[in-house]
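1. Below are the sequence and a predicted model; questions follow.
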Amino acid sequence: MIIQVLITGALILGFLKLADKENVMDFFGSCTIYLAPLVTVGVLDFTIGYFELPAFLHLITFSLFFVIPYLIINAICETYTTKKKVLLSVGVFAIVLVTQVVLAVLIGS
């Protein structure tokens with residue numbers, strides 16, 4: 001699990017560094033874009049499991065990997081267009097989704 005977090009974080013940091021041609025985001029902003037939704041989703045998933053709430057709520061919490069990075073990018077990079085903010089958020093969400101699927105396949109096999 002820790003290895004997945006580190007690999008996903010490295011991929012997201014690399015993606016944001018490549019996508020940020022204007023050098024608007026610094027290292028800490030990029031880390032926040034990944035760590036804020038990671039902590040939020042972790043706490044919500046723990047709460048859902050602890051109170052035995054319906055499993056579909058995990059899917060809703062997983063969508064926070066799009067919403068929270070969009071809000072952070074919106075706050076950090078005011079000069080970016082809405083299209084670029086959405087594309088950066090979709091990129092973060094796609095990286096998290098792909099690493100989650102790869103982990104599920106590796107554990108399943």
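-> Looks like it came in fine.
2. Only C-alpha atoms from now on, for both contacts and neighbour counts.
-> Noted.
3. So for residue 29, what's the nearest residue that isn't a sequence neighbour?
-> Excluding its sequence neighbours, the residue lying closest to residue 29 (C-alpha to C-alpha, 6 or more residues apart in numbering) is residue 76, at 7.5 Å.
4. and the host helix or strand of residue 106, how far from the chain's centre?
-> In the assignment (DSSP states H and E), residue 106 maps to helix 82-108. From the chain centre to the centre of helix 82-108 is a distance of 7 Å (C-alpha atoms, centre = their mean, to the nearest Å).
5. Tell me, how many residues neighbour residue 37?
-> 20 (other C-alpha atoms under 10 Å).
6. My error: substitute residue 26 in the last question.
-> Neighbour count for residue 26, taken as other C-alpha under 10 Å: 12.
7. give me phi/psi at it?
-> According to degrees, to the nearest 10, the main-chain angles of residue 26 amount to phi -100, psi -180.
8. I'd like the distance between it and residue 55.
-> 36 Å (C-alpha to C-alpha, to the nearest Å).
9. Please point out which parts of the host helix or strand of residue 4 sit buried.
-> Following DSSP H and E, one finds residue 4 within helix 2-19. Going by neighbour count (16 or more other C-alpha atoms under 10 Å), the buried part of helix 2-19 is 5, 8, 9, 11, 12, 13, 15, 16, 17.
10. Next, the angle helix 82-108 makes with the strand or helix carrying residue 70.
-> Secondary structure assignment for residue 70, by DSSP H and E: helix 64-76. Orientation of helix 64-76 against helix 82-108 (axes from the mean of the first three to the mean of the last three C-alpha atoms, to 10 degrees) gives an angle of 150 degrees.
11. What residues of helix 64-76 count as buried?
-> By neighbour count with 16+ other C-alpha under 10 Å, helix 64-76 contains the buried residues 64, 65, 66, 67, 68, 69, 70, 72, 73, 74.
12. and that helix, what does it pack onto?
-> helix 27-50, helix 82-108 (3 or more C-alpha pairs under 8 Å, 6 or more residues apart in numbering; DSSP states H and E).
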